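[1] Compute the structure for the input listed below.
(one chain, ligands or ions: 1)
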Amino acid sequence: MELEECIKGRRSIRRYRDQPVPRAAVDKLLEAGVYAPSGMNIQPWRFVVIQNKETIQLLSRKTKELLLGMPWPENLLKAFSSEEDTIFYGAPLLILIAVKRIEEWKTVNLLDTGLVAENMFLQAYQDGLGSCFIGFGSVLNQDPQLLAQMGVPEDHELLGCLIFGYPAQSPSTRPREARVLGWIE
Ligand SMILES: Cc1cc2nc3c(=O)[nH]c(=O)nc-3n(C[C@H](O)[C@H](O)[C@H](O)COP(=O)(O)O)c2cc1C
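    Modelled structure (predicted):
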């Protein structure tokens, strides 16, 4: 697939087929991720790969529980009250990105996480997989014990929750516009 087609064709997927992602495909996603640039080439990202349905459901339930304690608009509170997996959308693969918690590096760590994520999303799209960044998942930082059970050390912070799977929807490319503030020649 041409890079341009990949960049413009990728969309966030929120409906997945009930089909596991093969190990080789997961390895490819991780490999694509770590080729991302990172501040001072520290490559701070650490990954937890979760393919167990019950575990993903447990994390989804816990995320909803935490979110319900926060002042979200009515429509979101309704979604978080749903029995359905309105967080990870029943995706068969959840990859957590955790980074060692260093307050002064928080911005750089967040940027590094975003760059890894986009590399993985593009690789996924090229390989016929759907993906979505789940920012809501970061509330799980409020439950360090649960994160520790997942393998995230206590001195690490969860900065990215990424879902992947074979898509059960194919949203069309959305036109975007470059909003240029200035162009100085
Ligand atoms: C930092 C970040 C957090 C996001 N969090 C969520 C989320 O919690 N749940 C969700 O369904 N989509 C989430 N998204 C997906 C965005 O809604 C999506 O990227 C945006 O609407 C643009 O659509 P597209 O990805 O299909 O181009 C997130 C995206 C980013 C970059």
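
[2] tally of neighbours for Glu154?
    For Glu154, the count of nearby residues is 10 (other C-beta atoms under 10 Å). The way it works is simple: take the backbone N, C-alpha and C, and place the C-beta from them, glycine included.

[3] which residues touch the residue in the chain that the ligand sits nearest to?
    In the chain, the residue that lies nearest the ligand is Gly135 (2.9 Å; C-beta to the nearest ligand atom). Contacts for Gly135 were tallied using C-beta atoms under 8 Å, 6 or more residues apart in numbering; they are Cys161.

[4] Contact residues of this protein facing the ligand?
    Contacts of the chain with the ligand, taken as C-beta under 6 Å from any ligand atom, map to Arg11, Ser12, Arg14, Cys132, Phe133, Ile134, Gly135, Phe136, Arg174.

[5] just the strands in this protein please.
    For the chain, the strands defined by DSSP state E cover 46-50, 93-100, 130-133, 156-165.

[6] Out of those strands, which gets nearest to Thr113?
    With distances scored as C-beta to C-beta, the stretch of those nearest to Thr113 is strand 156-165 (4.2 Å).

[7] Mind giving me the packing neighbours of that closest one?
    strand 93-100, helix 106-126, strand 130-133 (3 or more C-beta pairs under 8 Å, 6 or more residues apart in numbering; DSSP states H and E).

[8] okay, the most far-flung residue of the chain relative to its centre: pLDDT?
    In terms of distance from the mean C-alpha position of the chain, Glu185 ranks first, at 38.2 Å (C-alpha atoms, centre = their mean). pLDDT, Glu185: 97.

[9] repeat for Phe47
    Taking Phe47 on its own, its pLDDT is 98.

[10] isn't it right up against Leu93?
    No. Taking contacts as C-beta atoms under 8 Å, Phe47 lies outside contact range of Leu93: 11.5 Å.

[11] For those two, work out which one has more neighbours and name it.
    Leu93 (23 against 19).

[12] which residues does that one form a beta bridge with?
    Phe164 (DSSP bridges).

[13] Surely Pro167 is in contact with Gln19?
    No. Judged on C-beta under 8 Å, Pro167 makes no contact with Gln19 at a distance of 10.3 Å.

[14] Compare those two and say which is more crowded by neighbours.
    Per other C-beta under 10 Å, whichever of Pro167 and Gln19 has more neighbours is Pro167, with 20 against 10.

[15] shaky segments in this protein?
    Low-confidence segments of the chain (pLDDT under 70): none present.

[16] and the most centrally placed residue in the chain, how far is that from Pro71?
    The C-alpha lying nearest the average C-alpha coordinate of the chain belongs to Leu162 (C-alpha atoms, centre = their mean; 2.0 Å). Note on Leu162: its distance to Pro71, by C-beta to C-beta, to the nearest Å, is 26 Å.

[17] next one: Arg11
    29 Å.

[18] what about these two, which has more around it?
    A direct count of neighbours by other C-beta under 10 Å for Arg11 and Pro71 places Arg11 higher, at 18 against 6.
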